[in-house]
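Chemist: Need a 3D model of the sequence below.
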Amino acid sequence: MPAEAAQSQKPRGGYKDKEKPTQIRHSNITAAKAVADAVRTSLGPKGMDKMIQSGTGDVTITNDGATILKQMQVLHPAARMLVELSKAQDVEAGDGTTTVVVIAGSLLDAASKLLAKGIHPTQISEAFQKAAVKGVEILSGMAMPVELSDRESLLKSAATSLNSKVVSQYSNLLSPLAVDAVMKVIDPQLADNVDLTDIKIIKKLGGTIEDTQLIEGMVFTQKAGSGGPTKVENAQIALIQFCVSPPKTDMENQVILADYSQMDRVLREERAYILDIVKTIKKSGCNVLLIQKSILRDAVNDLALHFLAKMKIMVVKDIEREDVEFVCKSLGCKPIASLDHFSSQRMATADTVEEISAGAGKLVKVTGITTAGTGKTVCVLIRGSNKLVLEEADRSIHDALCVIRCLVKKRALIAGGGAPEIELSLRLAEYAQTLTGTEAYCFRAYAEALEVIPITLAENAGLNPIATVTELRNKHAQGEPNTGINVRRGAVTNILEESVVQPLLVSTSALQLATETVRSILKIDDIVISLR
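Modeler: Numbers count the residues shown, from 1 in each chain. Now for the predicted structure:
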């Protein structure tokens, strides 16, 4: 039995746990490593893509670690911790979701070897924590400060993020778009974070990714109401939350009509009721009406649409409840809950509101918003030839936006291409020489585990991993900290000259989060099933 052999090889006086905790720990580490190995092949610009099929038959093609793990059916509780780890990295940095899982898998592998040597899990856990703190210190020392006014550096980091995606051939188009989108919603001098909800991403089938555009203004995916105007200049825009349709009775009640004269009377009343509402709207000067979606009854009926079209009022109906806040912030209007509050003070003004064709469907575009007190928001209209490309472009742009957000939070860049990991590995191994006892062992194991990133990058690019990483290690030992794996040329070069850079926050958060997860898994010595 290999387990027995491993136990017999343990040094005398080494830590030997009871059998059950050892088995539980081994099971947890194996399950978590299996998840890390599943996404390892999709790391880097030459990484493979995964095709994920859902229970309903929907297919997703992606190499984004967070998306793969989110859609993967993971049953083992320890393996699920790696899925949560990738989500945490997605929230914190937005990029590096595959890297963080691969690092965690490698650290677990190192921990299992240390456990086999008879080192106590708590000692390993504490040493790993110290190594992570030291690692963050080393990374911060390597970082180059960057200003938000330095557009070139921002473009390089966004392009590096996009180069590992399915839509990498469009990175020269999408990276300026991501940089501009973030810069338009923040004040570069004062901002220390970016609220990505201010950037609305709208996906529309048809065209190619080259037709993707950034729109300063507002875009509605709904088309304008039939029969009404499709273009309005000097628009007065109102967002209403009440219904422009006849009221209904309560659920239990019924109205029974005995003859056609009563029926005529009801229809006349309905007509007068709707006409009254439409006249009030027209009197306020409103010429573009946005109507919130209603659950209980039709927000607007055909008769109301007919009257509004006659009055030359453009109608955009079925505005979703969750979009109301963004619409109000973008246009500078206030939602109107009842007809009594309908006034010009609650309306927004814009130069043009027009219906435009987009592929098979139509969109309503609002430009030249002139209302005072509007929030800083932009819309990104993504076009794609099919649903899979659209979804992947959406995820890629989200990652690029997150990379720029990282630079707003922490204004520092480091080299990419496995350079920071190999430098960390060397510096931590040097630091381990100054330590004594089990801590030195653990530090050395931690340092070696970090080499998994350059090894994986080389493997995925079809290079010889041993020769490539050995050459990389030599270059770093000779004092070239910015040397990394250039997968385009298939060689080891100065990666800064190739414009492969990433935000410091992506690397530091990946290191800290991976170490925390590994520590949590090491500390578990039993799995208890709860009653309910």
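Chemist: you'd agree Ile29 is in a helix?
Modeler: Yes. Assessed with DSSP: H, G, I helix; E, B strand; the rest coil, Ile29 lies in a helix.
Chemist: can you pull the contacts of it?
Modeler: Listed by C-beta atoms under 8 Å, 6 or more residues apart in numbering, the contact set of Ile29 reads 78, 108-109, 111-112, 521. From N, CA and C alone the C-beta is placed, and that goes for glycine too.
Chemist: By neighbour count, which of those residues wins?
Modeler: Using other C-beta atoms under 10 Å as the neighbour criterion, Ala111 leads these with 26 neighbours.
Chemist: can you tell me the helix or strand for it?
Modeler: Per DSSP states H and E: Ala111 is located in helix 97-116.
Chemist: After that helix, which helix or strand is next?
Modeler: Assigned by DSSP H and E, the successor of helix 97-116 is helix 121-142.
Chemist: what is the mean pLDDT for that next one?
Modeler: What helix 121-142 shows for mean pLDDT is 92.
Chemist: name the helices or strands packed onto it?
Modeler: On a contact count with 3 or more C-beta pairs under 8 Å, 6 or more residues apart in numbering; DSSP states H and E, helix 121-142 meets helix 97-116, strand 412-415, helix 419-433, helix 437-449, helix 504-523.
Chemist: hang on, Leu289 in a strand?
Modeler: Yes. Counting by three-state DSSP, Leu289 is located in a strand.
Chemist: please renumber so the chain begins at 452
Modeler: Understood, numbering begins at 452; the last thing we discussed is Leu740.
Chemist: What residues does the closest residue to Leu955 other than its chain neighbours make contact with?
Modeler: Nearest residue to Leu955 in three dimensions, chain neighbours excluded: Ala863, at 4.0 Å (C-beta to C-beta, 6 or more residues apart in numbering). Listed by C-beta under 8 Å, 6+ apart, the contact partners of Ala863 are 591, 594-597, 954-956.
Chemist: between those, which is nearest Leu606?
Modeler: Ranked by distance to Leu606 (C-beta to C-beta), the contacts of Ala863 are led by Val597 at 11.6 Å.
Chemist: how far away is the closest one from Gln574?
Modeler: As for Val597, its distance to Gln574 is 39 Å (criterion: C-beta to C-beta, to the nearest Å).
Chemist: The residue most central in space within the chain: which element?
Modeler: By C-alpha atoms, centre = their mean, the mean C-alpha position of the chain lies nearest to His849, the distance being 4.7 Å. Taking DSSP H and E as the criterion, His849 maps to helix 838-860.
Chemist: what inclination does that helix have with respect to helix 955-974?
Modeler: Angle, helix 838-860 to helix 955-974, by axes from the mean of the first three to the mean of the last three C-alpha atoms, to 10 degrees: 100 degrees.
Chemist: Using PDB, write out the CA atom coordinates for helix 838-860.
Modeler: The C-alpha trace of helix 838-860 is given here as PDB (Å, rounded to 0.1, in the frame of the first residue of the first chain):
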ATOM      1  CA  LYS A 838     -24.800  33.800 -29.300                       C
ATOM      2  CA  LEU A 839     -21.600  32.000 -28.200                       C
ATOM      3  CA  VAL A 840     -19.400  34.800 -29.500                       C
ATOM      4  CA  LEU A 841     -21.600  37.500 -28.000                       C
ATOM      5  CA  GLU A 842     -21.400  35.800 -24.500                       C
ATOM      6  CA  GLU A 843     -17.700  35.400 -24.700                       C
ATOM      7  CA  ALA A 844     -17.200  39.000 -25.900                       C
ATOM      8  CA  ASP A 845     -19.300  40.200 -22.900                       C
ATOM      9  CA  ARG A 846     -17.100  38.200 -20.400                       C
ATOM     10  CA  SER A 847     -13.900  39.400 -22.100                       C
ATOM     11  CA  ILE A 848     -14.900  43.100 -22.000                       C
ATOM     12  CA  HIS A 849     -15.900  42.600 -18.300                       C
ATOM     13  CA  ASP A 850     -12.400  41.200 -17.500                       C
ATOM     14  CA  ALA A 851     -10.800  44.100 -19.400                       C
ATOM     15  CA  LEU A 852     -13.000  46.600 -17.400                       C
ATOM     16  CA  CYS A 853     -12.000  44.900 -14.200                       C
ATOM     17  CA  VAL A 854      -8.300  45.200 -15.100                       C
ATOM     18  CA  ILE A 855      -8.600  49.000 -15.500                       C
ATOM     19  CA  ARG A 856     -10.600  49.000 -12.300                       C
ATOM     20  CA  CYS A 857      -7.700  47.300 -10.500                       C
ATOM     21  CA  LEU A 858      -5.300  50.000 -11.800                       C
ATOM     22  CA  VAL A 859      -7.700  52.700 -10.400                       C
ATOM     23  CA  LYS A 860      -7.700  50.900  -7.000                       C
END
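Chemist: related to what we said a few turns ago, for the residue nearest to the centre of the chain, give me its contacts.
Modeler: So His849 contacts 545, 647, 652 (C-beta under 8 Å, 6+ apart).
Chemist: Closest to Leu858 out of those residues?
Modeler: Leu858 lies nearest to Gly545 out of the contacts of His849, by C-beta to C-beta, at 11.2 Å.
Chemist: Turn the contacts of Ile480 into JSON lines, columns for pLDDT and distance to Pro680.
Modeler: Output for the contacts of Ile480, formatted as JSON lines (pLDDT from 0 to 100; distance: C-beta to C-beta, whole Å):
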{"residue": "Ala529", "pLDDT": "89", "distance to Pro680": "61"}
{"residue": "Leu559", "pLDDT": "93", "distance to Pro680": "63"}
{"residue": "Asp560", "pLDDT": "93", "distance to Pro680": "66"}
{"residue": "Ala562", "pLDDT": "92", "distance to Pro680": "68"}
{"residue": "Ser563", "pLDDT": "92", "distance to Pro680": "69"}
{"residue": "Ile972", "pLDDT": "91", "distance to Pro680": "62"}
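Chemist: And the furthest pair within the residues you listed?
Modeler: Ala529 and Asp560, at 14.0 Å, using C-beta to C-beta across the contacts of Ile480.
Chemist: quick check: mean pLDDT across stretch 530-544?
Modeler: pLDDT averaged over stretch 530-544 gives 89.
Chemist: How far away from the center of its chain is that stretch?
Modeler: Computed by C-alpha atoms, centre = their mean, to the nearest Å, the chain-centroid distance of stretch 530-544 equals 12 Å.
Chemist: list the buried ones in that stretch?
Modeler: Residues 530-534, 536-537, 539-541, 543-544 are the ones in stretch 530-544 that count as buried (16 or more other C-beta atoms under 10 Å).
Chemist: residues contacting Lys538?
Modeler: Per C-beta under 8 Å, 6+ apart, neighbours of Lys538: 517, 520-521.
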